[in-house]
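S.K.: Build me a model from this:
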Amino acid sequence: MSLTPTPHISAAPGDFGKTVLMPGDPLRSKFIAENFLENPVLVNNVRGVQGYTGTYNGVKVSVMASGMGMPSIGIYSHELFNFYGVENIIRVGSAGGMAEGIKLRDIVAAETSFTDSNFVELEGFEPGFIPHASDKLLAAANKVAEDLGTPMVNGMIYSSDVFYRDDPLKTDLPLLAVEMESVALYCEAIKAKKNALCICTISDLVTTGEALDADARQNTFTQMMKIALETAVAME
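M.R.: A predicted model of the protein is given here:
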């Protein structure tokens, strides 16, 4: 570990736990820290990207925002994996449901993540490469979800570079949902030989336009946060 603090993270070596939960929204990072972690300490606030470290069931755990999009999470995950010794990053985000049968409030775990972005090629992977989650993290999260009695659907999700898209995606791949970060996170983890997993709550449906209101999002996201936190404990 060297080159700390980095241009984007002001924390000192040792400030982060082995596992970092990574929501997109800095305020959701603050919410997780204040509602789930014991004695949380703010270890990063560069550009308002809040990162906290505390304990959860006696285990040192961190939570830090990623911002929106692949370039943003690519920067933060790269620095956490390569400069701060972080072993596991669990993205806890929102996604738009795409598959038939996917409903609002469903929780999905991205076994694999497909993109039509050229991010994977810029990262040095072959064109068309579909990165995957860490088998260990995915297995641990599925066990936790089962123990908690919280259904979690596994499958492939779509990671998009564009939020306001004019032309619809054309693919025969069995995509559960769409978000904007998981491909970059998985590529960084694979390159660093670390572990990554993206868990998302379905906050809206692409096909119908249905969406959760603010209160429903907060209550549903809490279930996803619990899975991620218990997975962090299981990975110790």
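
S.K.: Helices of this structure, residue ranges please.
M.R.: With DSSP state H, the ranges of helices along the chain come out as 26-36, 70-83, 119-122, 135-148, 182-192, 214-234.

S.K.: Now tabulate those helices in a markdown table and tack on distance to R91.
M.R.: In this view, the C-beta of every residue, glycine as well, is placed from N, C-alpha and C. Output for the helices of the chain, formatted as a markdown table (distance: least, CB to CB, whole Å):
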| stretch | distance to R91 |
| --- | --- |
| helix 26-36 | 12 |
| helix 70-83 | 7 |
| helix 119-122 | 15 |
| helix 135-148 | 11 |
| helix 182-192 | 6 |
| helix 214-234 | 9 |
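
S.K.: what's the most buried one of these?
M.R.: helix 182-192 (a mean of 25; mean count of other CB atoms under 10 Å).

S.K.: quick one, it and helix 70-83 angle?
M.R.: On the basis of axes from the mean of the first three to the mean of the last three CA atoms, to 10 degrees, helix 182-192 is oriented at 20 degrees to helix 70-83.

S.K.: residue nearest the centroid of the chain?
M.R.: The centroid of the chain falls nearest to R91 when counting by CA atoms, centre = their mean (1.2 Å).

S.K.: Count the residues that sit near the nearest residue to that one once chain neighbours are set aside.
M.R.: Leaving aside its sequence neighbours, R91 sits nearest to C198 (CB to CB, 6 or more residues apart in numbering; 4.2 Å). Neighbourhood size, C198 [other CB atoms under 10 Å]: 30.

S.K.: what does A95 give?
M.R.: 28.

S.K.: Repeat that for P174.
M.R.: 10.

S.K.: so how far is Y164 from the nearest residue to it once chain neighbours are set aside?
M.R.: Excluding the flanking residues, the one nearest P174 by CB to CB, 6+ apart is M156, at 6.0 Å. Distance of M156 to Y164, given as CB to CB, to the nearest Å: 23 Å.

S.K.: can you check P5 too?
M.R.: 35 Å.

S.K.: Quick check: closest non-adjacent residue to I107.
M.R.: Leaving aside its sequence neighbours, I107 sits nearest to M152 (CB to CB, 6+ apart; 4.7 Å).
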